[in-house]
Structures are given as structure tokens and as C-alpha cells.
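J.: Model the structure of this input:
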Amino acid sequence: MRYFLRDTHYSIVFIWVGMRTSGKLWIGKSAGEVIQGENSFDIIRYFLSFAVLVGHFRVITGIPYYFPMSSVDAVHGFFILSGFLVFYSYMRNPDIRHYIERRTRRILPPYVFIVTLCWMGGVLVSTLPVGEYLFSAQLWKYIVANYSFLNFIEPALPGCFQGEAVNGSLWTMKVEILLYITVPIVYYLMKRFRSFPVFIVIFIFSTLYNELFYYLNEKTGNEIFGILKRQVGGQLLYFYSGTLVLLCFDYFRRYIKFLFPVAVLVCYFRYDVPLLIYVEPLAFAVVLIGCAYYIKWFVFMRKFGNVAYGIYLFHFPVIQLSVWLGINEKSHILCFAFCVAGTLLLSILSWLLLEKPILSNRMFSSK
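T.: A predicted model of the protein is given here:
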């Protein structure tokens, strides 16, 4: 019954939104100007990145630092922002080659950089001799798996960090890429059919996917089902909640004064009132995107390069390094400062020397 009610409730919510925003659920004519105008997406990305950093810092070092958002919620937040911004980017220019180029130039260079830095730097922290490390089958398994975004196949380097994962943040990258792949498909389906049924199918499928692996995890106690629950099928809810706000943007702007406080309350009380957890993805999307457009204090940050992606990618191995150096046993404050400073340094260098130069030049011309 719990699973049936959850599916039914999702359907009712999105049917109601669809009826209020007409059949096609398409972005309003005036919304494009607003979307490209002043916003605070940069500070939201930083907030989400630091939430993930603090969450992993707590787990790896055992030092109980507080942050007002969990790392799990922060990851969901990133998927919501991607659903909003990436889908909008594709709508502006639905050319597949241009789309692949833009996504590749944005996500691939810093990813390849950190994977390379980790396995090359691993020789300095490994308990194995250099020759044994370099010719270890585990090292080459790590290299192939991580360059292929299949980090779960081999997350550890030989003799490094007591066999723990070198960079536990990278699991989301394959999910992000798979979500990117769905964008042209969903866009085509929305042009071929009415948009609202497409969203209904997406949300019901993702809900059933979550319910299936939640049930199997609870029934068997096998963590593999919990891991599968977090994969792309389960994240469609968050990604396309961001897209739904985009496509209903005129409605979102018109009723934001009502929607925003209601969405905040839904997110805050989601675990106390059973039904609220069922609409949390859409409520979270309203909160994040509402903050981006109606909190103007941080608009100035758009003038500077955004290194939030680097913070997300680089912080985990820096925290592992701090534990390897034993800094966490000497001073909690010093350890946290080391992790933040090291992560920021890597992120800024990556932005200035790698990401920014690549983003400013096209690999090939686009229409």
C-alpha cells in the first residue's frame, strides 16, 4: 500500500501542475530573458559543494563538523540545477553536436585531471614500492575504470589510504552523463507528443525504480540494492523536477510568493509528515531555483569564474591526504583548514590553467 500511495501521489501532483500550466508544459516567451538575467546560481553551487565537502570530511576524519545541509541533499540539489540549466541550454540550441561539445568541454577536463593526479600522486602515499605500484593490476584496473566513469569497479589505489576509496565523489559523474544523454531523447518526445504525458512517464518510472530497490534493500539487507537505488533511475526525479520548473517558469514566477514558503515547509517537515516526502524533489527544485532568482545579494559572483565543480571533484582525495598525514589527530581546526585550502587551491588552479582556457575555445565549430 505504501508503494501504491507514493506512486499515486506523484501522479496527482504532476497532473495538477500540468492542468495549471496547460497541455504542452512549454517555457513561456518571457522566461528566456529572465533565465539569462541576474541570478545567484553561483553561490548555490558553492553552498552545495561545501555541503558535500563537510559531509565527507565528517565521515573520513571522524570530526563532527556541522553544515545546514546533508551531502545527500546537496547531490540531489546538483541534479536539480542540471535539469534546469542543461535542459534550457539544449532548448536554446538543440543541435546534438553542439550539445555534446559543450557538455564535454565542461565536465571532462577537470575529471580527467583529478583521476590522473590521483593515480600519479598515489605513488607518493602508497605503502608499495614504486615498481610494484606502477605494475600493479589494481592500478591499471583503477585507471581503466575511472577514465571510463565506472568508478565502482575499482575505487581504490594499491597500498593507498588503507584500501579506502580515493575519490568517493566520482560516482555521480556517470549518473550525470546518463542524465545528459536523456535530454535530447526527452526533448524529442516532448516535441513529438504532448509534454505532460512524457513527464508523467518519467516520474512514475523513477518512483517505481526507487520503490523497487528500496524494498529489495530493506527485504534483503544487501547494500547493492541501496547503491542501485542511487543510480540514474532514482535521480531522474530530481533532474526532471528542475526541468519541470523550467518549463513552468511563467507559472513559477507568477506564484513564487506562494510556492516558495510552501516548498520550504515541505522540505523542512518532509520526514515528519509522511506524504511530504513524496513531493520533496519538486519542492526542493522550487526552493533552489527560487533562491537563485530572488536572492540578489550574490549576483556579483557571476563576474568571476566558478570553481564549485572543482571543489566537488577535488575535495575527497584532499581529505584522504589529511588523514594520511595525521592532521586530523593533531587539530580539528587545522585539519579542516587544510582540506578547504587544499581543495580551493586545486580548484582555482584547475579553473585558471585548464577549465577556463578549454571553455573559451571550441573543439569544432557549431551551428
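J.: which stretch of helix or strand covers the closest residue to Val115 other than its chain neighbours?
T.: Excluding its sequence neighbours, the residue lying closest to Val115 (Cβ to Cβ, 6 or more residues apart in numbering) is Asn146, at 4.7 Å. To be clear about C-beta, it is placed using only N, CA and C from the backbone, and glycine gets the same treatment. Counting by DSSP states H and E, the element that carries Asn146 is helix 137-147.
J.: For the residue nearest to Val115, report the pLDDT, please.
T.: Note on Asn146: pLDDT of 96.
J.: In contact with it, which residues are there?
T.: 115, 118-119, 154, 170 (Cβ atoms under 8 Å, 6 or more residues apart in numbering).
J.: Distance check, it against Val245.
T.: Distance of Asn146 to Val245, computed by Cβ to Cβ, to the nearest Å: 33 Å.
J.: same deal with Phe193?
T.: Where Val245 is concerned, Phe193 sits at a distance of 21 Å (Cβ to Cβ).
J.: out of those two, which sits in the busier spot?
T.: Neighbours were counted for Phe193 and for Val245 using other Cβ atoms under 10 Å; Val245 has more, 22 against 12.
J.: Now name the helix or strand holding that one.
T.: helix 232-247.
J.: which parts of the helix or strand that that helix is followed by are buried?
T.: Once the chain leaves helix 232-247, the next helix or strand it forms, by DSSP H and E, is helix 249-254. Neighbour-count burial for helix 249-254 flags 249-253 (criterion: 16 or more other Cβ atoms under 10 Å).
J.: distance between the helix holding Asn146 and the chain's centre?
T.: Its chain's average C-alpha position is 24 Å from that of helix 137-147, according to Cα atoms, centre = their mean, to the nearest Å.
J.: Tell me which residues of that helix come out buried.
T.: Those would be 138-139, 142-143, 145-146, for helix 137-147 by 16+ other Cβ under 10 Å.
J.: before we move on, the earlier item: how far away is the residue nearest to Val115 from Arg254?
T.: 46 Å.
J.: neighbouring contacts of stretch 74-87?
T.: With Cβ under 8 Å, 6+ apart as the test, stretch 74-87 has contacts from 41, 44-45, 47-49, 51-52, 55, 69, 103, 172, 175-176, 179-180, 183, 186-187, 235, 238-243, 245-246, 281, 284-285, 288-289, 312.
J.: Do me a favour and average the pLDDT over stretch 270-281.
T.: Mean predicted confidence for stretch 270-281 is 83.
J.: follow-up on the earlier one: could the buried residues of helix 137-147 go into CSV alongside distance to Tyr215?
T.: Converted to CSV, the buried residues of helix 137-147 look like this (distance: Cβ to Cβ, whole Å):
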residue, distance to Tyr215
Gln138, 35
Leu139, 38
Tyr142, 33
Ile143, 37
Ala145, 29
Asn146, 31
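J.: Tell me who's in contact with the residue nearest to Gly234 when sequence neighbours are not counted.
T.: Using Cβ to Cβ, 6+ apart and skipping residues adjacent in sequence, the residue nearest Gly234 is Asn210, 4.9 Å away. Counting by Cβ under 8 Å, 6+ apart, Asn210 makes contact with 229, 233-234, 237.
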